[in-house]
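Peer 1: 3D model of this:
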Amino acid sequence: MTPETQARQLIDQKLEQAGWVIQDMKQLNLGAAVGVVVREYPTDTGPADYMLFVNRNAVGVIEAKKDSAGENITVTENQTERYANATLKWRKDSTPLRFLFEATGQIIRFTDGADPVPRSREIFHFFKPETLVTWLAQSETLRRRLAEQMPALPERNLRDCQISAVTGLEQSLALNKPRALVHMATGAGKTFTAITAVYRLLKFGGAKRILFLVDTRNLGKQAHQEFMAYTPPDDGRKFTELYNVQRLSSPSIDPHAQVCISTIQRMYAILSGEPIDESAEDLSLNEVQQTAAQQKLVRYNPAVPVET
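Peer 2: Below is the predicted model:
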């Protein structure tokens, strides 16, 4: 089996796990499912490796590469863009395709063309077709809302370090830098600061769900109490009167929860489908000496897809 074939088999497998139906041009039937992926779809610049259709409309393209190309996969973005702007067989619409992916068997990079400054980022797995349907129906993307719609932070009752933490985090997100580290001293009110940021992301950023991850059950309880006690500066009601907060104590995630508080141990158990010993949540893994042999591999779980 060639490296290219091997990579494509893994890409096919990931697409199917995420609920896509894969077809060759010979068996083309865009009505087979909400999400259909067509291999080697003809365009006026040559066949695209994978063309993504939702509800019969072309919405995206995947450029597939062998695993050895993974280190330099961003150089493939121009190629993906070429297909996104190409004329497709049987498609009358000439607007560029919005969702662009580059993939090997191991790495997936994704760009949303509707972002203010579209930029690729690595994602853990392909999105479900229903997710792309939801995004297409929204007037703007999460990144556009974070860049353009976050009002100034009310500074009353906040310490200077809390103000700089929240504003710094929001500036980072507005610049399309999704990874950020807030560094605060002990006793500076880190959880209060985090809840302030969470409230603003939900209310103004239109975030769907936020995971508040802790390393012991006791810290999860404390965080839950702080969410219940938090009153936002622009509303007299408590946070938990405005948004559903769930502290995870079983494998089921409430679909209506906007905030989920979980230990790392519990979250791993949910993703892996393995049962968890309750006492495992009482010990911080930071305090346990672990060997390389104890490393955990996180696999995709269709019951808890990346969109969760």
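
Peer 1: render the CA-only coordinates of the helix or strand residue 136 falls within in PDB, please.
Peer 2: Residue 136 is part of helix 129-137, with elements assigned from DSSP states H and E. Coordinates of each C-alpha in helix 129-137 appear next as PDB, following Å, rounded to 0.1, in the frame of the first residue of the first chain:
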ATOM      1  CA  PRO A 129     -22.000  17.900   8.500                       C
ATOM      2  CA  GLU A 130     -24.600  19.300  10.900                       C
ATOM      3  CA  THR A 131     -22.000  21.600  12.400                       C
ATOM      4  CA  LEU A 132     -21.200  23.100   9.000                       C
ATOM      5  CA  VAL A 133     -25.000  23.600   8.400                       C
ATOM      6  CA  THR A 134     -25.200  25.500  11.700                       C
ATOM      7  CA  TRP A 135     -22.200  27.700  10.800                       C
ATOM      8  CA  LEU A 136     -23.600  28.500   7.300                       C
ATOM      9  CA  ALA A 137     -26.900  29.700   8.900                       C
END
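
Peer 1: angles on the backbone of the residue nearest to residue 308 when sequence neighbours are not counted, please.
Peer 2: Nearest non-adjacent residue to residue 308, counting by C-beta to C-beta, 6 or more residues apart in numbering: residue 253, 6.2 Å away. C-beta coordinates here come from the backbone N, C-alpha and C atoms, glycine included. Torsion angles at residue 253 (phi, psi; degrees, to the nearest 10) stand at phi -100, psi 130.

Peer 1: now do the contacts for residue 253.
Peer 2: Shown in contact with residue 253 (C-beta atoms under 8 Å, 6 or more residues apart in numbering): 246, 260, 270, 304, 308.

Peer 1: gap between it and residue 205?
Peer 2: Distance of residue 253 to residue 205, given as C-beta to C-beta, to the nearest Å: 21 Å.

Peer 1: same deal with residue 37?
Peer 2: Distance, residue 37 to residue 205, using C-beta to C-beta: 30 Å.

Peer 1: more neighbours: which of the two?
Peer 2: A count of neighbours by other C-beta atoms under 10 Å puts residue 37 above the other of residue 37 and residue 205, at 25 against 21.

Peer 1: sheet partners, orientation included, of the host helix or strand of that one?
Peer 2: Assigned by DSSP H and E, residue 37 falls within strand 35-41. With DSSP bridges as the test, strand 35-41 is paired with strand 21-23 (parallel), strand 48-54 (antiparallel).

Peer 1: CA atoms only for that strand, dumped as PDB, please.
Peer 2: Taking Å, rounded to 0.1, in the frame of the first residue of the first chain, the C-alpha atoms of strand 35-41 are listed here in PDB:
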ATOM      1  CA  GLY A  35     -23.200  15.400   4.400                       C
ATOM      2  CA  VAL A  36     -21.700  13.800   1.300                       C
ATOM      3  CA  VAL A  37     -18.000  13.800   0.400                       C
ATOM      4  CA  VAL A  38     -17.100  13.100  -3.200                       C
ATOM      5  CA  ARG A  39     -13.600  11.900  -4.100                       C
ATOM      6  CA  GLU A  40     -11.800  13.300  -7.100                       C
ATOM      7  CA  TYR A  41     -14.500  15.900  -7.900                       C
END
